[in-house]
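Enquirer: structure for the following, please:
(4 chains)
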There are 2 protein chains.
Amino acid sequence: MKRIINEVGDKLKANDYKLTTQRQQILEVLLESKDQHLSAEDIYTLVKKKAPDVGLATVYRTLELFLEHDIIHSVNFGDGRKRYEYGHSSSGHHHHHAICLNCGKIIEINEDLLEELEKQVGIDYNFTVTDHELKIYGYCGECNQNNK
Amino acid sequence: MKRIINEVGDKLKANDYKLTTQRQQILEVLLESKDQHLSAEDIYTLVKKKAPDVGLATVYRTLELFLEHDIIHSVNFGDGRKRYEYGHSSSGHHHHHAICLNCGKIIEINEDLLEELEKQVGIDYNFTVTDHELKIYGYCGECNQNNK
DNA sequence: ATCGATGCAAAGGGTTTGCAGGGTG
DNA sequence: CACCCTGCAAACCCTTTGCATCGAT
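Expert: Predicted coordinates for the structure are as follows:
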């Protein structure tokens, strides 16, 4: 984790931004909760445990900064708030989300069968694809079980 | 269009809801603007042309009602407001959206190469898929042109 | 000493809700 | 006349912004 923090620090410094204490703490929270899909408020609460004086505005401003520098990316599950995850979208990581309509659980999907579709879209619609986001809705195994 | 309106009316009546004048007008706006990705406010403005007395709350409540009855579905492009389209998601229609990061244009994608992925997810994650939503980000032909 | 970064509180934008009045069966 | 539906305004939630202060070069 230390390594990642340093990398982020360097990336920011390269663009004349600082990795301040608060920013580092926010980054730490994100790294400690990978694949948790935290909202800004979630992050705020977690950071407050380390640094009670942090402000919600700082969290928002930091997330914005991280987004601009491709340090994190955001996902929108349509529940009115954005979620944030460490890692940039263009890294080829490309994981998707399956959302259970019953319990709300979010499952990471690591298949990536979309290369072909991306290529096709580029050709058919003259569109240069830089990223994609796939959400799959349905019912998870547990909820299926319980509804039987 | 008349036919669709009647169908919707029947569907609502079957569940003890009425297709009131306002609801019908909202439905008409949605039918007249297919593939336009209207926000609630957009719809409100358009309905106001037909019926200046309509309230924004009614638009929201009607959209909610239509959503519950699978008459429309909503998409979230991450710009802070939901968009609404006539048609339910489980109809096999399944069109996707390509969003230009420069001009914001939204292009309908009608390919559907996701069946295979859906099947795989069902097997690998024990997840019953009912719907999916794909957003493709990048640059449209026009914006590519102009940036050269 | 400068200039970005922070915390607080207020403002903003989209959506929801409480309530009293209106319409329909 | 009962009950749903409506319009209005206020409330709500998440996010952004203004401003004075703080902190690191």
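
Enquirer: domain ranges for chain A?
Expert: A:2-86, A:96-146 (automatic domain parsing).

Enquirer: just checking, A:Tyr125 touches B:Ile99?
Expert: No - in this structure, A:Tyr125 is not within contact of B:Ile99 by C-beta atoms under 8 Å, at 11.8 Å. The C-beta positions use only the backbone N, C-alpha and C, and glycine is treated the same way.

Enquirer: hmm, back to that, between the domains of chain A, which gets nearest to B:Glu28?
Expert: Of all these, it is domain A:2-86 that lies closest to B:Glu28, at 25.6 Å by C-beta to C-beta.

Enquirer: contact partners of the helix or strand containing A:His73?
Expert: Following DSSP states H and E, one finds A:His73 within strand A:72-76. Outside strand A:72-76, the residues that touch it by C-beta atoms under 8 Å, 6 or more residues apart in numbering or on different chains are A:30, A:37, A:63, A:66-67, A:82-89, A:97, A:133, B:76, B:78.

Enquirer: let's see that with 10 Å instead.
Expert: A:8, A:26-27, A:30, A:37, A:39-40, A:62-67, A:82-91, A:93, A:96-97, A:106, A:131, A:133, A:135, B:76-80, B:135 (C-beta atoms under 10 Å, 6 or more residues apart in numbering or on different chains).

Enquirer: what number of residues lie near the residue of chain A found nearest DNA strand D?
Expert: Chain A approaches DNA strand D most closely through A:Ala57 (3.2 Å), counting by C-beta to the nearest atom of the strand. Here the number of neighbours of A:Ala57 (other C-beta atoms under 10 Å in any protein chain shown) works out to 9.

Enquirer: buried set for the helix or strand A:Ile43 falls within?
Expert: Using DSSP H and E, A:Ile43 sits within helix A:40-50. Neighbour-count burial for helix A:40-50, counted by 16 or more other C-beta atoms under 10 Å in any protein chain shown, picks out A:Ala40, A:Asp42, A:Ile43, A:Tyr44, A:Leu46, A:Val47, A:Lys48.

Enquirer: in which helix or strand would I find the residue positioned nearest the centre of chain A?
Expert: Nearest to the geometric centre of chain A sits A:Glu85, at 2.2 Å (C-alpha atoms, centre = their mean). Per DSSP H and E: A:Glu85 is located in strand A:82-86.

Enquirer: need the residues of chain A near DNA strand C, please.
Expert: Applying C-beta under 7 Å from any atom of the strand, we find that chain A lies next to DNA strand C at A:17-18, A:20-23, A:51, A:53-58, A:61-62, A:80.

Enquirer: check those residues and tell me the two furthest apart.
Expert: Longest distance between any two of the residues of chain A next to DNA strand C is 31.9 Å, between A:Lys18 and A:Gly80; criterion C-beta to C-beta.

Enquirer: quick one: low-confidence ranges for chain A?
Expert: Residue ranges of chain A with pLDDT under 70: A:89-94, A:112, A:147-148.

Enquirer: and the longest strand for it?
Expert: With secondary structure taken from DSSP state E, chain A has its longest strand at strand A:128-139.

Enquirer: what is the orientation angle of that one with strand B:128-139?
Expert: Orientation of strand A:128-139 against strand B:128-139 (axes from the mean of the first three to the mean of the last three C-alpha atoms, to 10 degrees) gives an angle of 160 degrees.

Enquirer: ranges for the strands of chain A?
Expert: Using DSSP E, the strands assigned to chain A run over residues A:38-39, A:72-76, A:82-86, A:96-100, A:106-109, A:128-139.

Enquirer: in its sheet, what does the fourth one sit against?
Expert: The one in question is strand A:96-100. With DSSP bridges as the test, strand A:96-100 is paired with strand A:106-109 (antiparallel), strand A:128-139 (parallel).

Enquirer: nearest to B:Glu142, of these?
Expert: Across those, closest to B:Glu142 is strand A:128-139 (C-beta to C-beta), at 11.2 Å.

Enquirer: in the closest one, what's buried?
Expert: A:Thr128, A:Val129, A:Asp131, A:His132, A:Glu133, A:Leu134, A:Lys135, A:Ile136, A:Tyr137, A:Gly138, A:Tyr139.
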